[in-house]
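**Student:** Just to be clear, the model below is a prediction. Sequence and coordinates:
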Amino acid sequence: MSYPREYESSLQRTEAFWLKQAGNLHWFKEPSQACTLKPNGMADWFANGELNMSFMALDYHVDNGRGDQLALIYDSPVTGSKARYTYRELRDAVATFAGLLKKQHVKKGDRVVIYMPMIPQAAIAMLACARLGAVHSVVFGGFAPHELAVRIDDAQPKVIITASCGVEVNRVLPYKPMVDKAIELAQHKPANVIVYQRTQCQAELQPPRDIDWQQGIEGVTPAECAVMHGSDPLYVLYTSGTTGKPKGVVRDTGGYAVALKYSMDVVYGINQGQVMFTASDVGWVVGHSYIVYGPLLAGATTVLYEGKPVRTPDAGAFWRVCAEYGVNVLFSAPTAFRAVKKEDPEGKFLEQYDLSKLERIYMAGERLDPPTYEWTTEITGKPVYDHWWQTESGWPICANPVGIAEHPIKPGSATLPLPGYDVRILDYKGAEVATGEQGAVAIKLPLPPGCLTTIWGDDARFEQGYLSEFKGYYSSGDGGYKDDDGYVFIMGRTDDVINVAGHRLSTGEMEEILAKDSAVAECAVIGVQDSLKGQVPVGLVITKDGVTIADNELSERLVQLVRDEIGAVACLKRILVVPRLPKTRSGKILRRVLRQLADGEEVVVPSTIDDPTCIDELRERLS
């Protein structure tokens with residue numbers, strides 16, 4: 001089927017389309033109905049189907065003769081350790097750990113918080129929860145105790161699963177003291193804490209509450225799979241909220257399984273036995289969808305990597321992993337490739353490795369700027385695909401549908417809406433804008449399977465935050481436009497559009513221009529308050545390693561570059577060369593923090609920040 005026919009079929013014959021996709025998975029009881037509409041315009045997906053996510057991801061493959069195939073490869077340059085799990089070995093490890101959870105009286109519907117580094121036990125814990133029907137909530141390992149406590153109080157877990165420590169490039173970070181402090185701060189007290197002891201740091205346990213993972217699984221009876229309905233929750237994943245209170249995005253089981261299996265084929269072109277390396281973290285949605293669940297549902301091999309794109313040990317880290325394991329698809333955030341570009345602009349490290357099996361490179365998590373796209377394409381010789389999605393969507397909204405028909409790449413575009421997503425560009429009144437005109441990116445309800453169903457414990461917040469801005473639509477919070485071919489261009493969050501003397505200008509467009517300069521490794525443009533013009537843009541840039549140009553000379557050159565491409569109306573007259581930018585741990589630049597610093601406001605530093613120490617030095621530069 002061609003893309004236009006498949007896309008139209010998904011919107012016009014929704015029921016038949018998604019029931020057909022559901023048929024590509026093993027259900028205990030196949031759903032007879034795809035979706036049931038709710039009063040708010042959303043849908044419950046495959047509610048009368050019965051399944052288990054862990055069974056679909058592991059047992060099914062073992063039962064069908066693929067037990068000896070590699071399921072998971074663990075590669076940890078920060079500890080120098082590696083491991084491989086076949087589907088049978090991973091299934092057995094998951095069933096055994098699920099038995100330990102069951103012994104602690106964890107059952108269907110209970111919540112379990114997972115606070116782990118990037119080790120195989122993190123994936124085992126997630127899959128074990130899914131096996132029992134417990135709702136897992138993965139919190140990024142190393143989050144501050146206060147932030148962990150907030151999530152404990154919101155999810156109210158029966159058990160917390162953690163490790164004795166996380167390991168970073170130059171330090172070992174003990175986790176257990178942070179978990180203890182979080183429990184002390186939280187109103188809710190979990191019954192048990194299960195600790196995986198790592199050799200780099202042993203945790204002190206407080207029995208009977210604390211349980212040693214390795215000792216606890218000895219002699220445990222492996223647990224069978226619970227029977228789940230399609231609409232039962234699989235996990236809660238917290239994302240930053242504008243109020244400072246995190247939002248617990250709720251993901252269902254059946255819709256998510258169907259959407260992930262579909263996306264593995266249509267978006268990534270991954271088949272059974274192929275290798276996918278998603279360089280992310282299980283604390284993020286990317287890790288949930290495309291390190292753990294998606295590749296395993298597809299019968300592929302997934303690489304779980306504990307390291308960085310650079311300095312573990314060098315800027316060839318990703319290429320080494322791809323060569324060593326015969327990776328077919330590599331997926332990471334643009335910021336990871338910008339880090340590689342900064343340290344190895346000529347791609348010298350890449351020349352050491354055989355990337356003949358690497359078919360495609362994917363980027364998401366933030367806008368893929370054309371200079372990063374062009375650099376990655378040039379040095380690798382591989383097709384590079386931008387695609388756009390969110391924590392809330394759980395799987396891509398716009399992408400190049402290589403599994404149906406590959407489309408020409410347009411730098412700066414996430415390509416086309418995927419089947420199931422009716423993407424519209426709206427003005428502030430909710431009317432569709434003309435082709436080429438920027439507006440708010442919204443999705444006509446109902447959302448396809450796999451997307452969030454609500455906010456944990458707060459349906460009103462879900463409807464207010466996502467469904468109230470445009471009646472009958474999900475509001476993505478992103479701005480963008482469509483071109484004459486229907487390609488979607490995401491220009492950044494709608495609050496990244498600034499108003500300069502009545503002219504609405506995209507800071508994303510200015511960043512794109514600055515990033516073209518050969519000296520610039522990374523940049524951000526923010527709008528700051530101005531008594532005359534309302535707002536004026538300010539650019540912050542990080543230069544590539546080895547660049548020797550004077551700051552004032554580079555600033556003048558960049559100001560002229562923006563003036564040449566946008567015009568004097570852009571009013572970009574101030575460029576600051578800085579050593580680093582505030583980012584989340586997933587690599588997104590915290591532009592709101594930069595705006596608050598520039599405007600002299602109280603800075604709300606989100607829990608997701610990677611390095612809080614950069615705030616003070618930037619406050620001085622921006623004041």
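**Tutor:** Received, thanks. Numbering: from 1, shown residues only.

**Student:** Give me the distance between Arg360 and Tyr421.
**Tutor:** 21 Å (Cβ to Cβ, to the nearest Å). (Each C-beta comes from the backbone N, C-alpha and C, glycine too.)

**Student:** next one: Phe143
**Tutor:** From Phe143 to Tyr421 the distance is 31 Å (Cβ to Cβ).

**Student:** Show me what the host helix or strand of Glu511 is packed against.
**Tutor:** Using DSSP states H and E, Glu511 maps to helix 507-515. With contacts defined as 3 or more Cβ pairs under 8 Å, 6 or more residues apart in numbering; DSSP states H and E, the packing partners of helix 507-515 are helix 370-380, strand 488-493, strand 520-530, strand 534-543, helix 551-565.

**Student:** Quick one: mean pLDDT for that helix?
**Tutor:** Helix 507-515 comes out with an average pLDDT of 86.

**Student:** now swap in stretch 548-562 and tell me
**Tutor:** Rounded mean pLDDT across stretch 548-562 is 93.

**Student:** Show residues contacting it.
**Tutor:** With contact meaning Cβ atoms under 8 Å, 6 or more residues apart in numbering, stretch 548-562 is reached by 510, 513-514, 516-517, 519-520, 539, 541, 543, 570, 572-577.

**Student:** follow-up on the earlier one: more crowded one of Phe143 and Tyr421?
**Tutor:** Each of Phe143 and Tyr421 has its neighbours counted (other Cβ atoms under 10 Å); Tyr421 has more, 24 against 21.

**Student:** contacting residues for the more buried one?
**Tutor:** 397-398, 443, 447-448.

**Student:** ditto for Arg367
**Tutor:** Counted by Cβ under 8 Å, 6+ apart, Arg367 has contacts 334, 386, 412, 490-492, 508.

**Student:** what about it, distance to Ser164?
**Tutor:** For Arg367 relative to Ser164 (Cβ to Cβ), the value is 38 Å.

**Student:** Also Phe140?
**Tutor:** According to Cβ to Cβ, Phe140 stands 17 Å off from Ser164.

**Student:** Then His61?
**Tutor:** For His61, the distance to Ser164 - Cβ to Cβ - is 31 Å.

**Student:** Tell me which of these two has more neighbours.
**Tutor:** Between His61 and Ser164, His61 has the larger neighbour count (other Cβ under 10 Å), namely 25 against 22.

**Student:** Am I right that that one is in a strand?
**Tutor:** No: under DSSP: H, G, I helix; E, B strand; the rest coil, His61 falls outside any strand and is assigned helix.

**Student:** Gly477 and Val441: what is the separation?
**Tutor:** Distance, Gly477 to Val441, by Cβ to Cβ: 8 Å.

**Student:** neighbour count winner among these two?
**Tutor:** Taking neighbours as other Cβ under 10 Å, Gly477 and Val441 compare with Val441 leading, 28 against 18.

**Student:** per-residue confidence for the more buried one?
**Tutor:** According to the prediction, Val441 has pLDDT 97.

**Student:** got it, and the one 3 residues further on?
**Tutor:** pLDDT recorded at Lys444 is 98.

**Student:** and it, what is it in contact with?
**Tutor:** Neighbours of Lys444 in contact, by Cβ under 8 Å, 6+ apart: 422, 424, 472-473.

**Student:** again with Arg111
**Tutor:** 134-137, 155-158, 236.

**Student:** got it, and Trp389?
**Tutor:** 364, 395-398.
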